[in-house]
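Enquirer: Based on what follows, work out the 3D shape:
(one chain, ligands or ions: 1)
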Amino acid sequence: MDRIVPEEILMKIGVLGSGIVAQTLAVGFLKHGYETMIGTRDAAKLAEWSSASPKAQIGSLSETAAFGDAVVLAVKGTAAAEALRAAGSANLAGKLVMDSCNPIADAPPINGVLPFFTTHSESLMEQLQNEFSAAYLVKVFNSVGASRMVNPEFNAGRPTMFICGNDDAAKSMVAQILEKFGWETADMGKVEAARAIEPLCMLWCIPGFLRNEWTHAFKLLRE
Ligand SMILES: NC(=O)c1ccc[n+]([C@@H]2O[C@H](COP(=O)([O-])OP(=O)(O)OC[C@H]3O[C@@H](n4cnc5c(N)ncnc54)[C@H](OP(=O)(O)O)[C@@H]3O)[C@@H](O)[C@H]2O)c1
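Expert: Below you'll find the model as predicted:
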């Protein structure tokens with residue numbers, strides 16, 4: 001199997017999804033010079049967006065996965081596995097897959113706390129990594145709102161993006177992307193760490209649901 005493309009070559013990025021996260025990250029990758037395709041089941045959904053972002057290419061999920069040297073997964077958590085199946089495991093094999101998805105269940109928050117369809121013993125990313133074992137999944141971009149994902153500005157400096165994944169080379173590529181996107185990276189280890197990183201989304205959303213505060217980000221303080 002071909003090894004993932006080294007970061008020195010500016011990668012082509014395939015973004016799976018058409019929602020606010022997919023759109024925001026696609027614009028971010030374009031801004032930083034990456035050739036970018038965005039993938040959806042229904043290209044008509046992106047007609048308005050693409051006239052404002054003419055450099056972005058639009059494709060099906062499988063065309064987008066095949067296009068990317070690296071892939072972003074930015075779809076509804078309940079549809080993440082289905083979206084990767086539609087993308088095609090052969091199109092993902094050997095590639096970095098940046099997984100922004102959160103396993104939010106189809107139910108309302110309780111006192112501001114989102115319900116998940118996963119357990120504390122198995123995260124969504126573990127399920128995806130088990131099924132798509134030839135892809136290199138890295139959890140990233142799941143614990144901040146879309147409006148602060150790309151080069152956010154905070155008085156306290158760069159916020160921290162918690163990442164995890166089994167492949168060190170894939171995580172190193174993500175750290176280089178995060179550096180360009182204005183984040184410091186905190187590598188929490190292997191895929192099981194997604195059991196802790198995915199619930200950061202719950203924590204991040206609580207001030208939003210309780211007090212309509214949606215513009216914060218996490219920062220890890222070190223000595
Ligand atoms: N919103 C945020 O600020 C934020 C922040 C951090 C992380 N996240 C996470 O990032 C992911 C994307 O969030 P979002 O708010 O942009 O969008 P979303 O509303 O959670 O999801 C919309 C996307 O899901 C896709 N989708 C739905 N059902 C599908 C299926 N059966 N097969 C394939 N694709 C399907 C849609 O694709 P089609 O175009 O094909 O319909 C669409 O692109 C979610 O997992 C979310 O939890 C969101």
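Enquirer: ok now the least confident helix or strand in the chain by mean pLDDT, how far from the chain's centre?
Expert: Of all regular secondary-structure elements in the chain, judged by mean pLDDT, DSSP states H and E, the least confident is helix 47-52 with a mean of 90. Here helix 47-52 is found 21 Å from its chain centre; the criterion is C-alpha atoms, centre = their mean, to the nearest Å.
Enquirer: mind listing what Asp106 touches?
Expert: Shown in contact with Asp106 (C-beta atoms under 8 Å, 6 or more residues apart in numbering): Thr78. Bear in mind the C-beta positions are built from the backbone N, C-alpha and C, glycine included.
Enquirer: correction: Lys139
Expert: Listed by C-beta under 8 Å, 6+ apart, the contact partners of Lys139 are 99, 125, 162-165, 193-194, 197-198.
Enquirer: Please repeat the previous calculation with a cut-off of 10 Å.
Expert: Lys139 sits next to 98-102, 123-125, 128-129, 161-165, 171, 174, 188, 191, 193-194, 196-198, 200 when contact means C-beta atoms under 10 Å, 6 or more residues apart in numbering.
Enquirer: before we move on, what about Thr119?
Expert: Taking C-beta under 10 Å, 6+ apart as the test, what Thr119 contacts is 103, 195.
Enquirer: What helix or strand is Arg158 located in?
Expert: For Arg158, there is no host helix or strand (DSSP states H and E).
Enquirer: Quick check: closest non-adjacent residue to it.
Expert: For Arg158, the nearest residue in space outside its immediate sequence neighbours is Glu184; the separation is 4.8 Å by C-beta to C-beta, 6 or more residues apart in numbering.
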